[in-house]
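Give me the fold of what follows.
(one chain, ligands or ions: 1)
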Amino acid sequence: MIKKEKSFIIEQQDKKLKDQLAKIKHKILVMSGKGGVGKSTIAVNVAVGLSLQDFMVGLLDVDLHGPNVPKMLGARDLKLSRKPDGRMGAIKYSPNLKFLSIEPLLPSEDTAIIWRGPIKHSAIRQFIGDIDWEELDYLIIDAPPGTGDEPLTVAKTIPDAYTLIVTTPQEVSLIDVKKAIKFCQKIKLRILGIVENMSGFICPHCGKPVDIFKKGGGQKLADELGIRFLGRIPIDPRIVDTGDLGKPLIAAYPESITAKAFDELIRNIIIATEIMKKDVLEEKYMRVAIPISSPFELETSIEKFELFAIYDIENNKILVKDVVKKQQNQELINFLKEQVVTHILLFDPPKELADFLSQNEIKVLISDTFSESPDRLIEEYLKEKQIR
Ligand code: ADP
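Alright, predicted model coming up:
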């Protein structure tokens, strides 16, 4: 294919993706440090629970190696629909819930698929951009365990996604969660909070909670790392049965203690997503880029903008600092978008540059006092902001 044609197709794809993402209010990537902690179970029950509360919900299974969602929903026979305009629509599970998984597109259940990074990347982009999801309040994305290509692609494709991290109370699982949190910070995914699954036990005979296992590790970790704790779900044998039978527990046993635990988790998720959205609007959360020539020195000449210090700031406090290099031929604006930067802090920038960035939804903060180092510049800015 000629180069020009190829870039035209990518441009068209980007536009479709952007248009679709603009129609989805909150995007949540459900992640876990390792497999088997109940990530898909949480994703499915949260999606079904939100849809039962009249939200419009999409559930996307990006576990290209072992898709579980259709089985858990009991919806393996449902097919993709074609829209009047020729586009494919996500599979309709109920009036408020649509889902999509790689499974219906595979020839047989046992097909082992080996995907390389770039193929995964384009498959996930197509799952979102080429499929008509229509307007959604929530898109819940079930990622495979660990910190591989899929979450990375989601982060690049949906820069405003939040992650919901699922853990179990055991030490080993908590160590993996720490890794997952570090990974999220590195790839610039904001963390919505932690859920502790398999926390306590619901007796199959009397249906009451029994504390035979350790619990509370997820909460402790969340407190330690300053991350929201969103809830705990007990071990309940009915989760396995309902998962196998294709009727998620939250719908099959709505009055059970476990369903109530899901309800509380969902309430906390709704509150947390609203707070996170508001924080961006009210600038309580910002991701600020500062052009630098070295980690300790500012760069003021636009032609040399290549290295950036990027700060995650919440309530005027710096949470994480990262130093990132822009590729030589990459447009500044594309780089900033890819890094999910909300603001850029510049010392005395030319008006055209400031206007151009503002038009492209990057807020420009202008410092009129020169500081040698980016850390000083941001600290001074935050101090002044507090006084104002
Ligand atoms: P993951 O997506 O993390 O690999 P799954 O959601 O597939 O994990 O869950 C793994 C197994 O554990 C499934 O058989 C599921 O039914 C079961 N399971 C998950 N959460 C619970 C729970 N709270 N109580 C009992 N069984 C559970």
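
roughly how far is stretch 62-75 from the heart of the chain?
How far stretch 62-75 lies from its chain's middle: 19 Å, per CA atoms, centre = their mean, to the nearest Å.

Quick check: end-to-end length of it?
16 Å (CA to CA, to the nearest Å).

pLDDT wise, what is P107 at?
On pLDDT, P107 comes in at 62.

next one: V324
At V324, the model reports a pLDDT of 91.

doesn't it fall inside a strand?
Yes - counting by DSSP: H, G, I helix; E, B strand; the rest coil, V324 is found in a strand.

Wait, it touches V341, no?
No - look at V324 against V341 with CB atoms under 8 Å: they stay out of range, at 9.6 Å. Placement of C-beta: from N, CA and C, glycine included.

Find the residues that touch each one of these two.
Common contact partners of V324 and V341 (CB atoms under 8 Å, 6 or more residues apart in numbering): I310.

Between the two, which has more neighbouring residues?
Neighbour tally, V324 and V341, criterion other CB atoms under 10 Å: the higher count belongs to V341, 23 against 14.

pLDDT of the lengthiest helix in the chain, averaged?
If you go by DSSP state H, the chain has its longest helix at helix 257-281. Averaging pLDDT along helix 257-281 yields 93.

For the following helix or strand past that helix, enumerate the helices and strands it packs against.
Going down the chain from helix 257-281, the next helix or strand is strand 285-294, by DSSP states H and E. Helices and strands touching strand 285-294, by 3 or more CB pairs under 8 Å, 6 or more residues apart in numbering; DSSP states H and E, are helix 257-281, strand 297-298, strand 307-314, strand 343-347, helix 374-387.

Direction included, what does the shortest one pair against?
Partner strands for strand 297-298, per DSSP bridges, with pairing direction: strand 285-294 (antiparallel).

Near the ligand, which residues of the stretch 101-250 of the chain are found?
P145, N197, M198, I233, I235, D236, I239, V240, G243 (CB under 6 Å from any ligand atom).

Strands - which of these land there?
N197, M198, I233, I235 (DSSP state E).

dump the residue contacts of the residue of the stretch 251-388 of the chain found nearest the ligand.
Nearest residue of the stretch 251-388 of the chain to the ligand (CB to the nearest ligand atom) works out as T258 at 7.0 Å. Counting by CB under 8 Å, 6+ apart, T258 touches I202, I233, P234, D236, R238, I239, L249.

Could you point out which of the residues you listed is nearest to K18?
I233 (35.0 Å; CB to CB).

Can you give me the pLDDT of that closest one?
Per-residue pLDDT puts I233 at 95.

cool, the one 3 residues further on as well?
pLDDT, the model's per-residue confidence, is 92 for D236.

Does it touch S256 like I think?
Yes - under the criterion of CB under 8 Å, D236 makes contact with S256 at 7.3 Å.
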